[in-house]
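Undergrad: Need coordinates for the below:
(one chain, ligands or ions: 1)
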Amino acid sequence: MRKEKNIVIHETAFVTSAFRAFDERLSQDNFAKLWKNQKTEKWIEEYLDQVSSEETYTHCLRNRYFLDTVRNLVGSEEIEVLINFGSGFSMYPFLLEKDMIHIEIDKPEIVDYKREKVKDFQRRGILPKRTIYFVGVDFSTDYRDKLESKIDSIKGKKSSFILIEGVLFFLSRSETDSLFNFFDTIQKGGDYIGSASFQETLKDTIAFENLLKFFNQKVSKTNEDDYQTIQDEYYKSKTNYNLIDHQDYYSLSAQYENKINQDRQLILNENFYLLKKI
Ligand SMILES: C[S@@+](CC[C@H](N)C(=O)[O-])C[C@H]1O[C@@H](n2cnc3c(N)ncnc32)[C@H](O)[C@@H]1O
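TA: Predicted structure coming up:
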């Protein structure tokens, strides 16, 4: 039998999109289904079976929280530009008001693929037109100066919301520090950061054990230390930002009336933080 090809990290973006498509009422993302493909479909089935069946709902609620947060801030005219770091196949540009500016940053192969697919969906009338700048960057390289001038040329003095979700788990602490320092450089007072990450207690759960086992088989990374967790203190201690909201899967489930099906041990509970620059 032919050995199945491993998942590469950027393919997790297909998986996250597929999760969002499972319950459109909850995620409010009626375009996520456009990224479904046969190759990842099988992994998704296995992942839900072997890691945690709750993952569809955790991802739907993550999207819903950030979508509603950005929508409200656009409504109160607090932000004009959404900068999505590790944007994958997120569909925020098409779910938000059409006059927003979007900067989508991810690995070159992801943004190149997404740009072409989006163009094609728009040509066929499946997606509406939006102002999106796709920028290919690897956060493990020295991207700072080039990315700063690129963002500056698009954003100018406009207010921004930086989103980083589903990404920090795969980055090192020093890459994360560099990113947050970079955010501080490109943002001004009143701007926002939305960030999603896991806390250290995640590593005590059966769901995390399952995840490690699954990644062991499908991805080349194997060690629990390869996956970054972040404590609340990290966000609270950012000197130029105030932490103004903190949610997790349980609080969002209560807020959006989502029925939790699994035991806590079988849920990868993600935390969501909203920071405002002072
Ligand atoms: C699980 S996906 C999440 C995508 C999207 N934010 C979402 O929530 O649907 C993780 C994304 O982070 C990107 N990523 C991971 N490591 C990266 C790096 N070193 N540089 C740039 N992007 C990276 C991957 O390419 C992928 O698109």
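Undergrad: Can you give me the end-to-end span of stretch 45-57?
TA: In terms of C-alpha to C-alpha, to the nearest Å, the two terminal residues of stretch 45-57 are separated by 14 Å.
Undergrad: ugh, typo on my part, it should be stretch 46-65
TA: Across stretch 46-65, the straight-line distance between its terminal residues is 26 Å, by C-alpha to C-alpha.
Undergrad: what's around the nearest residue to Phe139 once chain neighbours are set aside, how many residues?
TA: The spatially closest residue to Phe139, leaving aside those adjacent along the chain, is Glu175, at 5.3 Å (C-beta to C-beta, 6 or more residues apart in numbering). C-beta here means a position set from N, CA and C on the backbone, and glycine is covered the same way. Taking other C-beta atoms under 10 Å as the criterion, the count of residues near Glu175 is 16.
Undergrad: same question, the one 3 residues further on
TA: With neighbours defined by other C-beta under 10 Å, the count for Ser178 comes to 17.
Undergrad: who in the stretch 51-200 of the chain is up against the ligand?
TA: With C-beta under 6 Å from any ligand atom as the criterion, the stretch 51-200 of the chain meets the ligand at residues 86-88, 90, 106-107, 110, 137-140, 165-167, 170.
Undergrad: Show the buried residues in those.
TA: 86-88, 90, 106-107, 110, 137, 139, 165-167, 170 (16 or more other C-beta atoms under 10 Å).
Undergrad: In strands only, show me these.
TA: Asp106 (DSSP state E).
Undergrad: Mind checking which of the buried ones among the residues of the stretch 51-200 of the chain next to the ligand land in helices?
TA: Among these, the residues falling in helices (DSSP state H) are Ile110.
Undergrad: what's the closest non-adjacent residue to the residue nearest to the spatial centre of the chain?
TA: Most central residue of the chain, judged by C-alpha distance to the mean C-alpha position with C-alpha atoms, centre = their mean, is Glu165 at 2.6 Å. Leaving aside its sequence neighbours, Glu165 sits nearest to Ala196 (C-beta to C-beta, 6+ apart; 3.9 Å).
Undergrad: Residue in the stretch 51-200 of the chain with the shortest distance to the ligand?
TA: Nearest residue of the stretch 51-200 of the chain to the ligand (C-beta to the nearest ligand atom) works out as Gly88 at 2.5 Å.
Undergrad: Thought Val15 was touching that residue, still the case?
TA: No - assessed by C-beta atoms under 8 Å, Gly88 is found out of contact with Val15, at 9.3 Å.
Undergrad: Fine, thanks again, bye for now.
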